[in-house]
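# What would the 3D arrangement of this be:
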Amino acid sequence: MKKVIFSMLVLSAVMFAGEDVKAQQFKVAVFDIDYMVQAMPGYAAVDSLLQIYQQDSLTTEYNIYQSEYQRLDSTFKSDSAAGKAKAILDYTAGKRQEMAMNLVYWQQIAQRKSEAKRGQLAQPLYVQVANAYQKVLETKKYALILKPQTYEFGFPIDNLFISVAKELKLTSLPQELLQVGDDPDAKTAPAGTKPPATGAKPKTN
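Numbering: from 1, shown residues only. Below is the predicted model of the structure:
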């Protein structure tokens, strides 16, 4: 009987130990590649180039739609008065309708074009951040990565913005990105050991 009880106690201890190991292995972190790209020093140039694109290219495109609509409308009215064939009138009316729809939905069209242009301009930054992020993941082995807006603040979580910033050799991060979690390297550093200069926590802006 004593052997049975002892065996049960050993089994329970092993099970609890296994649960502790699983809990320790289930590492959770927070990161968002879009936020990290926007924190890159080169992102200001993306914003500047995007503004130029919006002011020049998109404004020109909108003006073309306006003038083309007016031309087609004038042509349709002139052809109607001249009694031209229905096929010609239908063709002109269809083209005029296309221009009208472009004008009506211009805000959505411009937004879509702007986002596509932003992605094109920021592509080199996305590549840099993605490579650094991948290196961090290869060394830290997280089970779950959350976006900043998907969990309640105060939950114990590793801040990969800090780790990726170190990998990218950035010297600072926006304050809002520093506050979303804990520095993963600060947890693992031995007591009394100063981190290397290249691994220092980025300063706040």
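# C-alpha only now, for contacts and for neighbours.
Fine.
# Excluding sequence neighbours, find me the nearest residue to Met40.
Once flanking residues are discounted, Met40 sits nearest to Leu125: 7.5 Å by Cα to Cα, 6 or more residues apart in numbering.
# Which helix or strand contains Ala29?
strand 28-30 (DSSP states H and E).
# whoops, I mixed them up, Asn63
With secondary structure defined by DSSP H and E, Asn63 is part of helix 59-82.
# Please list the residues outside the helix or strand that that helix is followed by that contact it.
Using DSSP H and E, the helix or strand that follows helix 59-82 in sequence is helix 86-104. Outside helix 86-104, the residues that touch it by Cα atoms under 8 Å, 6 or more residues apart in numbering are 62, 65-66, 68-69, 72-73, 75-76, 79-80, 109.
# Quick one: mean pLDDT over helix 86-104.
Mean pLDDT, helix 86-104: 96.
# Can you give me every residue that contacts the residue nearest to Tyr142 when sequence neighbours are not counted?
With Cα to Cα, 6+ apart as the criterion, Tyr142 has its nearest non-adjacent residue at 4.9 Å, and that residue is Lys27. Contact analysis of Lys27 by Cα under 8 Å, 6+ apart lists 141-144.
# Can you show me the helices along this protein?
Along the chain, the segments classed as helices by DSSP state H run 2-25, 33-38, 43-53, 59-82, 86-104, 106-140, 160-167, 175-178, 184-188.
# Deepest in the core, which of the ones you listed is it.
helix 160-167 (a mean of 24; mean count of other Cα atoms under 10 Å).
# Can I get that helix in CSV? Just the C-alpha atoms.
What follows is helix 160-167, C-alpha atoms only, in CSV (Å, rounded to 0.1, in the frame of the first residue of the first chain):
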residue,chain,number,x,y,z
LEU,A,160,9.8,42.7,-29.2
PHE,A,161,9.9,46.3,-30.5
ILE,A,162,12.9,46.7,-28.1
SER,A,163,14.6,43.6,-29.3
VAL,A,164,14.1,44.4,-33.0
ALA,A,165,15.3,48.0,-32.5
LYS,A,166,18.5,46.6,-31.0
GLU,A,167,18.9,44.3,-33.9
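# That one to helix 106-140, inter-axis angle?
70 degrees (axes from the mean of the first three to the mean of the last three Cα atoms, to 10 degrees).
# pLDDT averaged over helix 160-167 - what is it?
Helix 160-167 comes out at a mean pLDDT of 94.
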